[in-house]
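Trainee: mind folding the following:
(chains A and B)
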Protein chains: 2
Amino acid sequence: MPDSPLTPKAAQTRATILATALQLFREDGYDRTTMRAVAKSAGVSLGSAYYYFASKEHLVQAFYDELLAEHETAVEAVLAKESGFAGRLRGSLEAWLDIAEPHHAFAAQFFRNAADPASPLSPFSAESAPARDGSIALMRRLLAGSDAKVSRRLETRLPELLWLLQMGIVLFWVYDGSPGQQRSRTLVRGVVPLVDRLVRMSRLPVLRGVVDDVLGLLDAIQGSAEG
Amino acid sequence: MPDSPLTPKAAQTRATILATALQLFREDGYDRTTMRAVAKSAGVSLGSAYYYFASKEHLVQAFYDELLAEHETAVEAVLAKESGFAGRLRGSLEAWLDIAEPHHAFAAQFFRNAADPASPLSPFSAESAPARDGSIALMRRLLAGSDAKVSRRLETRLPELLWLLQMGIVLFWVYDGSPGQQRSRTLVRGVVPLVDRLVRMSRLPVLRGVVDDVLGLLDAIQGSAEG
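Mentor: Coordinates of the predicted model:
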C-alpha cells in the first residue's frame, strides 16, 4: 500500500476488507481463511485486496494497529482525570480488556499463531514493532504524568516492563474461559496494587539489588534474542 | 488400565506403545496421529493400545509422568550434593532443560494443545494433577533441605510459586528457537539469583506487604478458577 494518505473512498474499502477478514477469521479460523475468500466476501477483486494488504499477516497487523488506536483514545481519557500511578495503570489495563472483549473468541483461536515468537504475528516480532512501540510509548506517558517516584535507572526501562506485564495479562486473557473474562479482571485488580507497591519501593536502598537483577535479566534475554 | 502392577511383559508393551506414539507425534503432528496409527506402528492390536491408554491424552499424561520421574531422579542427585537454595533451584531447572531437550521439537508443535488451560493436556488441568503435585512436591523438598530462611506464611506457598516460575520457563523454552535452547539457559541463570534474593528478603518487614500481595493474588486467581 502506498504511504500517501488514502482518499475517503479508499479508506472505506480498506476498512471493509479488514472487517470482513476479521469476521472470516472468527467464523472459519485464521488458518483456513484465504485472501481470495476475504476479497470475495468483501465484494472486491483479489488484486484490490492485495493492494491494501500484502498478506493475511498484514491484516492481523492492521487489527493490532486498530486495537492500539482504540486503546490510546481510552487511555488518554483515563490519564486526563487520574494522576495516581495505580489508578492510571488499572484504568489502562481495564480499558484494554473492554476493547478486546468483542474479539475474545477470535483471539483464542488465533493465538496459536501469535504465541510463537518466530511468527510475524507475535507481539515480539519485527513486524509488530510499530504496535509494540506504540504500546510502550503509552506506558511511558502513563508513568511520566503520574505521582510515581521512580529511580532514574528504572524510569527509562519501566515502560517496557509494564508492557511485558500487559503481555502477560493478554496471555492470561486469551485462555480465560470465565464469563466476560472475569478472571482477567480479577488478575488486573490484584496485580496493580502489587506493581504499585514494588514501583514505590524501588528507590529504597534495600531493593536496589532487585532492580539491578531485573534490568540485567531483561538485557540478557534481549541480547541473546538478537544474537 | 487396571491399577494392579503390570507384568514385565505388559510393562514392556506399554513402554513400546508410548515410545511409538511420541515418535509419531513428532513426525506427523499430535492432531494428525490416531490411536489406530499408534497401534499399527507399535505392532499391537487397537484393543491392546486402548487397554493401556484410554485416549491420546492419556499418552501425553504418561509422557509427563515419565519426564517427572526422570526429573525427580536428577533433582535427588542435585539435592544430595548442594544445600544452597540458589544452587538447588538452578540445578533443578537446568536438569529439566537437559531432560526435555530431546523432546523440544515435539513440545513446540504439541504446545498448541497444552497452552489452553481448558485442555486436559494443560499443566493446570485436573488430569495433570498427579504430575503437577509431583513437581510441586519436588520444589518442597528442594526448599525444605536448603539454607533458605523463609517466613512461615510464605514457606507453605513458596513451592507452588516456584512451580509457577518453572511453568513460565517451560513456556519460554517451548518457543525458544536458539540452538540448544541457549536462551532458556540464560533465563535460568538470570532468574535464579533474582528469586534467591527475593526469597532471602521476604522476611524483612519492608517486604511483608509484597508477600501478602503475591499470596492474595494467588488465592484470588485460584478461587476464581474454581468458581
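
Trainee: mind checking the SS state of residue A:40?
Mentor: Three-state assignment for residue A:40 (DSSP: H, G, I helix; E, B strand; the rest coil): helix.

Trainee: typed the wrong thing, it's residue A:148
Mentor: coil.

Trainee: from residue B:206, how far out is it?
Mentor: Residue A:148 sits 18 Å away from residue B:206, going by CB to CB, to the nearest Å. No exception for glycine: its C-beta is placed from N, CA and C like everyone else's.

Trainee: which of those two has more residues huddled nearby?
Mentor: In terms of neighbours (other CB atoms under 10 Å in any protein chain shown), residue A:148 is the more surrounded of residue A:148 and residue B:206; the figures are 20 against 11.

Trainee: isn't the more buried one right next to residue A:201, touching?
Mentor: No - contact between residue A:148 and residue A:201 fails when scored by CB atoms under 8 Å: they sit 11.3 Å apart.

Trainee: can you list the domains in chain A?
Mentor: As given by automatic domain parsing, the domain ranges for chain A are A:1-54, A:58-226.

Trainee: can you put those in JSON lines and add distance to chain B and mean pLDDT?
Mentor: Listed next are those as JSON lines, based on distance: least, CB to the nearest CB, whole Å; pLDDT from 0 to 100:
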{"stretch": "domain A:1-54", "distance to chain B": "11", "mean pLDDT": "90"}
{"stretch": "domain A:58-226", "distance to chain B": "4", "mean pLDDT": "87"}
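
Trainee: so which of those is the most surrounded?
Mentor: Of all the domains of chain A, domain A:58-226 has the most neighbours on average by mean count of other CB atoms under 10 Å in any protein chain shown, namely a mean of 17.

Trainee: how far does it sit from the chain's center?
Mentor: 7 Å (CA atoms, centre = their mean, to the nearest Å).

Trainee: contacting residues for residue A:101?
Mentor: A:180-181 (CB atoms under 8 Å, 6 or more residues apart in numbering or on different chains).

Trainee: and after the lengthiest helix in chain A, which helix or strand comes next?
Mentor: Ranked by residue count and defined by DSSP state H, the top helix of chain A is helix A:56-81. Counting by DSSP states H and E, the element after helix A:56-81 in chain order, helix or strand, is helix A:85-100.

Trainee: contacts for the helix or strand where residue A:21 lies, please.
Mentor: Using DSSP H and E, residue A:21 sits within helix A:8-28. Contacts with helix A:8-28, where a contact means CB under 8 Å, 6+ apart, come from A:1, A:6, A:33, A:37-39, A:41-44, A:48-49, A:52-53, A:56, A:59, A:62-63, A:66, A:103, A:105-106, A:109-110.

Trainee: and that helix with helix A:56-81, angle?
Mentor: If you take axes from the mean of the first three to the mean of the last three CA atoms, to 10 degrees, helix A:8-28 sits at 100 degrees to helix A:56-81.

Trainee: just the CA atoms of helix A:8-28, as CSV, please.
Mentor: Taking Å, rounded to 0.1, in the frame of the first residue of the first chain, the C-alpha atoms of helix A:8-28 are listed here in CSV:
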residue,chain,number,x,y,z
PRO,A,8,-12.1,8.7,1.9
LYS,A,9,-13.4,6.1,-0.6
ALA,A,10,-10.1,4.0,-0.4
ALA,A,11,-10.1,4.2,3.4
GLN,A,12,-13.7,2.9,3.3
THR,A,13,-12.7,0.0,1.0
ARG,A,14,-9.7,-0.8,3.2
ALA,A,15,-11.9,-0.8,6.4
THR,A,16,-14.4,-3.1,4.7
ILE,A,17,-11.7,-5.6,3.7
LEU,A,18,-10.3,-5.6,7.3
ALA,A,19,-13.7,-6.0,9.0
THR,A,20,-14.6,-8.8,6.6
ALA,A,21,-11.3,-10.6,7.2
LEU,A,22,-11.7,-10.4,11.0
GLN,A,23,-15.2,-11.9,10.6
LEU,A,24,-14.0,-14.8,8.5
PHE,A,25,-11.1,-15.5,10.8
ARG,A,26,-13.6,-15.7,13.6
GLU,A,27,-16.0,-17.9,11.7
ASP,A,28,-13.7,-20.2,9.7
